[in-house]
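# All I have is the shape, not the residue letters:
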């Protein structure tokens, strides 16, 4: 079977120039800026020490040069929290399978983490069960994680239920994590929002949403009924192409999108969306920058849409 990680890396170089990849790599590194080298103690200056390490205020108080010592660079732990319920086997806005976009996004983020020497783990699942793969380093391990995601989302599987994965983290995973969630476009209910709030208090959380397909194809193209994969409900084609129905649906999705953004803003969680694999790099870059800067306003309005089955 062809390597999924190799496919991800190929797409990265197709969709981005070298300078863009360098900026993306730097943006990932900035997420942990200031935490890789933590202050340890002050000690007397000795010839060969960096002048920039001198603590001038402490030196003035002490009367002789003192330099700051730092603990060694240490490895961080990244958890890819991926929705692999049947909603992710449906069609995204780009026409691709949401699962394929999730694999690509997880691959990009995992590859960046691996390049920085960080351990990467995976927690994925649906409304009925969660599966955890402990963090490790290396591309062979990352390939295994991508295959887990690729093999787990199916149209005949259980529905998505990201709250179950959030609950799993809070119950069973210890230590501070950088959690990157890749999930379906959903509106958090009260329980899910509460879990997200608790997760945000314990860990650093970034959220990438895979956008839903439109209600139906535009008139003039190949038309089909719209099916909500999560509920199994069907919107018949005559209704799906009716101008008034489409307008009302678009307005409802616009309102729903604003409610979603309000939730993430209220929780202080950086969120971005990807419509297809072609804009995953852009979305990841914006997500990392947004998390670093503390700006939680989305790049553009999220229209939403019924999942095409």
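Received it, and whenever you're ready, just let me know what you need. Quantities reported herein were computed from a predicted structural model and do not represent experimental measurements. Numbering: from 1, shown residues only.
# Following element in sequence after the helix or strand that residue 9 is a member of, please.
Under the criterion of DSSP states H and E, residue 9 resides in helix 4-15. Going down the chain from helix 4-15, the next helix or strand is helix 18-31, by DSSP H and E.
# Hmm, residue 23 and residue 16 touching each other?
No. Using Cβ atoms under 8 Å, residue 16 is not in contact with residue 23, being 9.1 Å away. All C-beta atoms are positioned from the backbone trio N, CA, C, and that covers glycine.
# re earlier: buried ones in the helix holding residue 9, by neighbour count?
4, 5, 7, 8, 11, 12, 15 (16 or more other Cβ atoms under 10 Å).
# got a list of what residue 191 touches?
residue 163 (Cβ atoms under 8 Å, 6 or more residues apart in numbering).
# what's the closest non-adjacent residue to residue 134?
The shortest distance from residue 134 to any non-neighbouring residue, by Cβ to Cβ, 6 or more residues apart in numbering, is to residue 121 (5.5 Å).
# Wasn't that neighbour part of a helix?
No. With DSSP: H, G, I helix; E, B strand; the rest coil as the criterion, residue 121 is located in strand rather than a helix.
# my guess is it meets residue 81, correct?
No. Between residue 121 and residue 81 there is no contact under Cβ under 8 Å: 9.3 Å.
# Who has more neighbours out of those two?
Neighbour totals were compared for residue 121 and residue 81, and residue 81 leads with 28 against 20 (other Cβ atoms under 10 Å).
# same for the helix or strand hosting that one, what does it pack against?
Take DSSP H and E as the rule and residue 81 turns out to sit in strand 77-83. Applying 3 or more Cβ pairs under 8 Å, 6 or more residues apart in numbering; DSSP states H and E, we find strand 77-83 packed against helix 98-115, strand 119-125, strand 130-136, helix 162-172, strand 178-184.
# tilt between it and helix 98-115?
Interaxial angle, strand 77-83 versus helix 98-115 (axes from the mean of the first three to the mean of the last three Cα atoms, to 10 degrees): 180 degrees.
# what sits up against strand 77-83?
Counting by Cβ under 8 Å, 6+ apart, 102, 106, 109-110, 113, 118-126, 135, 145, 149, 153, 160, 162, 165-166, 169, 173, 175-184 sit against strand 77-83.
# neighbouring strands for it, and are they parallel or not?
Take DSSP bridges as the rule and strand 77-83 pairs in its sheet with strand 119-125 (parallel), strand 178-184 (parallel).
# Could you dump the ones you listed into CSV and include distance to residue 59 and mean pLDDT?
Compiled in CSV, these are given as follows (distance: least, Cβ to Cβ, whole Å; pLDDT from 0 to 100):
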stretch, distance to residue 59, mean pLDDT
strand 119-125, 38, 97
strand 178-184, 36, 96
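# Which stretch among those is buried most, on average?
strand 178-184 (a mean of 25; mean count of other Cβ atoms under 10 Å).
# Could you identify the helix or strand that succeeds that strand?
Next element after strand 178-184 (DSSP H and E): helix 190-202.
# Using neighbour counts, pick out the buried residues of that next one.
Buried positions in helix 190-202, judged by neighbour count with 16+ other Cβ under 10 Å: 192, 193, 195, 196, 199.
# Also stretch 122-139?
Neighbour counts over stretch 122-139 (16+ other Cβ under 10 Å) mark 122, 123, 124, 125, 126, 127, 130, 132, 133, 135 as buried.
# Against residue 186, how distant is residue 257?
11 Å (Cβ to Cβ, to the nearest Å).
# Residue 56 now?
In terms of Cβ to Cβ, residue 56 sits 52 Å off from residue 186.
# And these two? Which one has more around it.
Neighbours per residue (other Cβ under 10 Å) separate residue 56 from residue 186, with residue 186 holding more: 19 against 9.
# right, and the more buried one touches residue 160 too?
Yes. Assessed by Cβ under 8 Å, residue 186 is found in contact with residue 160 at 7.2 Å.
# Quick check: neighbours shared by these two?
With Cβ under 8 Å, 6+ apart, residue 186 and residue 160 have common neighbours residue 87.
# can you pull out the helices in the stretch 201-309 of the chain?
Secondary structure of the stretch 201-309 of the chain (DSSP state H, counting those that start in this stretch): helices at 237-240, 243-267, 280-293.
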